[in-house]
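Undergrad: compute the structure for the input listed below.
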Amino acid sequence: MSDVSARKRIWGWFFFDWASQPYHTLLVTFIFGPFFAAVASEFFMNAGQSEDAAKASAQTLWAWNMGLAGLVIGIGAPFLGALADTRGRKRPWIIGFSFMYVIGAAALWFTAPDGSNMYWMLLVFSIGFIGAEYALIFTNSQLPDLGTEEEIGKISGSGFAFGYFGGLLALIVVLVFFAEQGDGVTIVGLAPGLGLLDPEAREGTRAVGPFTAIWFLVFMIPYFRWVHDPLIAKVRGTVGDALGTLKASIGNLKTRRSLLHLLIGSMLYRDALNGIYAFGGIYAFNVLDWTVPQVGIFGIIGAASATLFCYIGGKVDSRIGPKPVVIFAIWVLILLCFVLVNMSRDALFGIPLAEGSNLPDIIMLAAGALIGGMGGILQASSRSLMVRHTDPAVPTESFGLYGLSGRATAFIAPILIGLATTITGSARLGVSPVILLFLLGLILLRWVNPQGDRETWGTAS
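TA: Reported below is the predicted structural model:
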């Protein structure tokens, strides 16, 4: 590690975001998610449901699956973080969860267009998603060692910007060369896979899974070459040690009020954001009747915006601190969600639109740009704010708690969306619970110290 410069280490750390982002961009939000919604809707219609009911059932199924995956992540995150800290090594964990990522993504190739194996595909999707989220906990815990407090905001924002740019590039490649439209060719008129894939079997769209796995394998090389565990004496921590450390950390939260409010507040607003990401593409598919390639274009706009806004947000974070940046991003996201909940193909805030009006499409594209931008800023500056509350003695455990706050209730937004969709029978109204989650998270931020809580670190031992 001594022969790796600080600059290379930072760039290696950036490459984790670049390598892993396509799971979220391609699979969760813009390509596989809408594709699965189409497959599941077709399956339910063939089972006798009406088109609207089938779309609602597909959205509910996706919601429950994301909720269960989030529950698994939330339960395991703090324990794994504590175990890694007691043993002093992160790299073996990252390798193991990277393996889950690759297997889960690659297996999506086998998704049957008729929906006959959709429950199995949800399972493998969840395996990869859990691997991606667990690996993120360990790489996030390396952030405090990459720079000074004044530099962390810029590093965090630049990392997210770099990752979003990777997701953007991956999305463009998939749309140009793989994902077929209704006429069997890609958005630029090419045969899927340059003629090697069968559009009738949706092989171009299904290839997004193996493509995501290969992308991750290739671009994790700089991370593993330049980012290593610190050269410390080998530690043989036990599971009992990890549980003891975790118990002490949770117990000490009563003396760390700022951290406690940050964890709970971010738990709510990040859950809301993940709900938007998980259902944004499905919303466009169900409410506006967009095709998968149209949703992909929406994704390009969102990812490009996230890249730019994360870079700018990182600079603003370094200048004024992360908390004001987080608050601003949440308010913008609340307003955007309020607009989308009150928009359909035929009306806006109850006001009928002219037949064939493209105003909903324009608003959705603009919303996509702002959701991508504000969502990226929210994640980057929240990570920066967490660094100010992270005891350097136990960084992985601290970010394990942060992972818990982001995932312990990650089932809430999807389940609330599933319940709201079921009760209202509307995919549009189904996403309304995220507004409440954003508001609750915003309220709790009032008690978060923007400078962190260093004075309490000594009490956490």
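
Undergrad: low pLDDT regions in this structure?
TA: The chain contains residues with pLDDT under 70 at 1-4, 78, 81-88, 149, 230-246, 248-250, 252, 391-411, 454-461.

Undergrad: against P34, how distant is A47?
TA: Here the criterion is CB to CB, to the nearest Å. By it, A47 lies 20 Å from P34. C-beta: built from backbone N, CA, C; applies to glycine.

Undergrad: repeat for A369
TA: Counting by CB to CB, the gap from A369 to P34 is 18 Å.

Undergrad: please say which of those two ends up with more neighbours.
TA: P34 (28 against 18; other CB atoms under 10 Å).

Undergrad: list the contacts of that one.
TA: Contacts here follow CB atoms under 8 Å, 6 or more residues apart in numbering; on that basis P34 touches 281-282, 284-285, 290, 292, 295.

Undergrad: now tabulate those residues in JSON lines and tack on secondary structure.
TA: Below are those laid out as JSON lines (DSSP: H, G, I helix; E, B strand; the rest coil):
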{"residue": "G281", "secondary structure": "helix"}
{"residue": "I282", "secondary structure": "helix"}
{"residue": "A284", "secondary structure": "helix"}
{"residue": "F285", "secondary structure": "helix"}
{"residue": "W290", "secondary structure": "coil"}
{"residue": "V292", "secondary structure": "helix"}
{"residue": "V295", "secondary structure": "helix"}
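
Undergrad: neighbour count and distance to N449 added to those residues, as a markdown table?
TA: Conversion of those to a markdown table gives the following (neighbours: other CB atoms under 10 Å; distance: CB to CB, whole Å):
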| residue | neighbour count | distance to N449 |
| --- | --- | --- |
| G281 | 28 | 37 |
| I282 | 27 | 38 |
| A284 | 27 | 39 |
| F285 | 26 | 42 |
| W290 | 19 | 43 |
| V292 | 26 | 45 |
| V295 | 27 | 40 |
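
Undergrad: of all these, which comes closest to L122?
TA: The closest of these to L122 turns out to be I282 (CB to CB; 13.7 Å).

Undergrad: didn't that closest one look like it was pressed against A56?
TA: No - counting by CB atoms under 8 Å, A56 is not a contact partner of I282; they are 10.8 Å apart.

Undergrad: intersection of neighbour lists for these two?
TA: Contact criterion CB under 8 Å, 6+ apart; residues shared by I282 and A56: A427.

Undergrad: the closest residue to T25 other than its chain neighbours: which element?
TA: Spatially, and ignoring its direct neighbours in sequence, T25 is nearest to G167 (3.4 Å; CB to CB, 6 or more residues apart in numbering). Assigned by DSSP states H and E, G167 belongs to helix 149-177.

Undergrad: L123 now?
TA: Here L123 sits within helix 118-140, counting by DSSP H and E.

Undergrad: now that helix against helix 149-177, angle please.
TA: Put simply, helix 118-140 runs at 150 degrees to helix 149-177, going by axes from the mean of the first three to the mean of the last three CA atoms, to 10 degrees.

Undergrad: so where do the helices sit in the stretch 351-461 of the chain?
TA: With DSSP state H, counting those that start in this stretch as the criterion, the stretch 351-461 of the chain has helices at 359-387, 395-407, 412-424, 433-444.

Undergrad: for the first one, packing partners?
TA: Under the contact definition 3 or more CB pairs under 8 Å, 6 or more residues apart in numbering; DSSP states H and E, helix 359-387 sits against helix 149-177, helix 257-287, helix 292-320, helix 322-341, strand 347-348, helix 395-407.

Undergrad: tell me how many other residues surround the residue lying closest to G296 once chain neighbours are set aside.
TA: Distance criterion CB to CB, 6+ apart; nearest residue to G296, sequence neighbours excluded, is L175 at 4.5 Å. Neighbour count for L175, taken as other CB under 10 Å: 25.

Undergrad: hmm, L175 is touching T186, no?
TA: Yes - contact criterion CB under 8 Å: L175 and T186 qualify, at 6.5 Å.

Undergrad: got the buried residues for the helix holding L123?
TA: Residues of helix 118-140 classed as buried by neighbour count (16 or more other CB atoms under 10 Å): 118, 121-122, 124-140.

Undergrad: ditto for stretch 197-212
TA: For stretch 197-212, a neighbour-count test (16+ other CB under 10 Å) marks 197, 199, 202-212 as buried.

Undergrad: of all those residues, which comes closest to T424?
TA: Minimum distance to T424 across these is 29.3 Å, recorded for T205 (CB to CB).

Undergrad: tell me how far that closest one lies from L197.
TA: Counting by CB to CB, the gap between T205 and L197 amounts to 9 Å.

Undergrad: kindly report the same for I103.
TA: From I103 to L197 the distance is 21 Å (CB to CB).

Undergrad: with I10 instead?
TA: Taking CB to CB as the measure, I10 falls 38 Å from L197.

Undergrad: please apply the same query to F36.
TA: 18 Å.

Undergrad: also A207?
TA: 6 Å.

Undergrad: in the buried residues of stretch 197-212, find the pair that's most separated.
TA: For these, the maximum inter-member distance is 19.7 Å, found between P199 and T212 (CB to CB).

Undergrad: between A207 and L197, which contacts overlap?
TA: Counting by CB under 8 Å, 6+ apart, the residues touching both A207 and L197 are F178.

Undergrad: how many neighbours does the residue nearest to I330 when sequence neighbours are not counted have?
TA: For I330, ignoring the flanking residues on the chain, the nearest one in space by CB to CB, 6+ apart is L442 at 5.0 Å. L442: 18 surrounding residues under other CB under 10 Å.

Undergrad: is L442 in contact with L333, as I believe?
TA: No - look at L442 against L333 with CB under 8 Å: they stay out of range, at 9.8 Å.

Undergrad: what sits in contact with each of these two?
TA: Shared contacts of L442 and L333 (CB under 8 Å, 6+ apart): none.

Undergrad: okay, now T255: neighbour count?
TA: Neighbours around T255, by other CB under 10 Å: 13.

Undergrad: meant to ask about G76, not that
TA: With other CB under 10 Å as criterion, G76 counts 19.

Undergrad: what about it, distance to A69?
TA: As judged by CB to CB, G76 and A69 stand 11 Å apart.

Undergrad: tilt between the host helix or strand of S20 and helix 359-387?
TA: According to DSSP H and E, S20 maps onto helix 6-22. Orientation check (the same axes, to 10 degrees): helix 6-22 against helix 359-387 gives 140 degrees.

Undergrad: mind listing what's buried along helix 6-22?
TA: Judged by neighbour count (16+ other CB under 10 Å), helix 6-22 contains these buried residues: 9-22.

Undergrad: same question, stretch 220-230
TA: Using 16+ other CB under 10 Å as the test for burial, stretch 220-230 gives 220, 222-223, 226-228.
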